[in-house]
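Q: Build me a structure from this.
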Amino acid sequence: MEGLKKVAVICILKHQDIFLLLERLKEPNKDSFMPLGGKIDPFETPLDTAKRETWEESGIVVEDIDFCGILTETSPTKYNWTSYVYMAETDYQEAPECNEGILKWINADEIVNIPTPKTDWHIYEYALKKQKFIFDAVYDIDLCLLEMSELIENRKLCRN
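A: Predicted coordinates for the structure are as follows:
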């Protein structure tokens, strides 16, 4: 049903100060760099989904994975998500091929200079500080971010 939230996970893979990001081949966020992740399967926990999606998209097995927070995205289109966000430290390995896009290791300092959803900048900031979050992002019909709030501290992060 249109407007209902889809439930997914986002898994940030990190090695020291670099992130393994996916340059997406399809919508949503085509041509943007994003962490790994995907939809939660029936009878699957968010943590199990994070581990499965990481394995499916990168071939990397993660056991020690930290819960970071929740991102809820709302729009007047079919783009409506609730995502559980996790982060895992991993050993460096060459980025493998992925059917979802191109995996690349990106230095943390470079993330502001590459195409990435605006919500992700805040996710990286909070996750690196190990500060738990609940983000609420609202988009217009063209999927431009109108505003984003952090609900634990009850503060606006951005507003257009």
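Q: Confirm E57 sits in a helix?
A: Yes: counting by DSSP: H, G, I helix; E, B strand; the rest coil, E57 is part of a helix.
Q: which residues sit in contact with it?
A: Residues near E57 by C-beta atoms under 8 Å, 6 or more residues apart in numbering: L22, L36, G38, C98, E100, L103. Any C-beta I mention is one placed from the backbone N, CA and C, and that applies to glycine too.
Q: now E89
A: With contact set as C-beta under 8 Å, 6+ apart, E89 has these partners: K14, H15, D64.
Q: If we use 10 Å, what do you get?
A: Going by C-beta atoms under 10 Å, 6 or more residues apart in numbering, E89 touches I12, L13, K14, H15, Q16, V62, D64, I65, D66.
Q: Same question for R155.
A: Residues near R155 by C-beta under 10 Å, 6+ apart: S149.
Q: Can we start the residue count at 21 from this point?
A: In the new numbering, first residue 21, that becomes R175.
Q: P66: neighbouring residues, count only.
A: Here the number of neighbours of P66 (other C-beta atoms under 10 Å) works out to 19.
Q: wait, isn't it in contact with G89?
A: No: distance between P66 and G89: 11.6 Å, which falls outside the contact criterion (C-beta atoms under 10 Å).
Q: Overlap of the contact sets of the two?
A: Counting by C-beta under 10 Å, 6+ apart, the shared contacts of P66 and G89 are S103, Y104, V105, Y106.
Q: In strands, which of the residues you listed appear?
A: Assignment to strands by DSSP state E places the following of the shared contacts of P66 and G89 there: S103, Y104, V105, Y106.
Q: Closest to D140 out of those?
A: V105 (9.7 Å; C-beta to C-beta).
Q: how close does the closest one sit to A70?
A: V105 sits 9 Å away from A70, going by C-beta to C-beta, to the nearest Å.
Q: overlap in contacts of these two?
A: Residues touching both V105 and A70 (C-beta under 10 Å, 6+ apart): A28, V29, I30, C31, I32, P55, G57, F87.
Q: what distance separates the helix or strand harbouring the first one from the centre of its chain?
A: Counting by DSSP states H and E, the secondary-structure element that holds A28 is strand 26-35. Relative to its parent chain, strand 26-35 has a centroid offset of 5 Å by C-alpha atoms, centre = their mean, to the nearest Å.
Q: Also stretch 100-112?
A: With C-alpha atoms, centre = their mean as the basis, the mean position of stretch 100-112 lies at 6 Å from the chain mean.
Q: Please point out which parts of the lowest-mean-pLDDT helix or strand in the chain sit buried.
A: Across the helices and strands of the chain, mean pLDDT, DSSP states H and E gives its lowest value to strand 175-179, namely a mean of 86. Going by neighbour count (16 or more other C-beta atoms under 10 Å), the buried part of strand 175-179 is L177.
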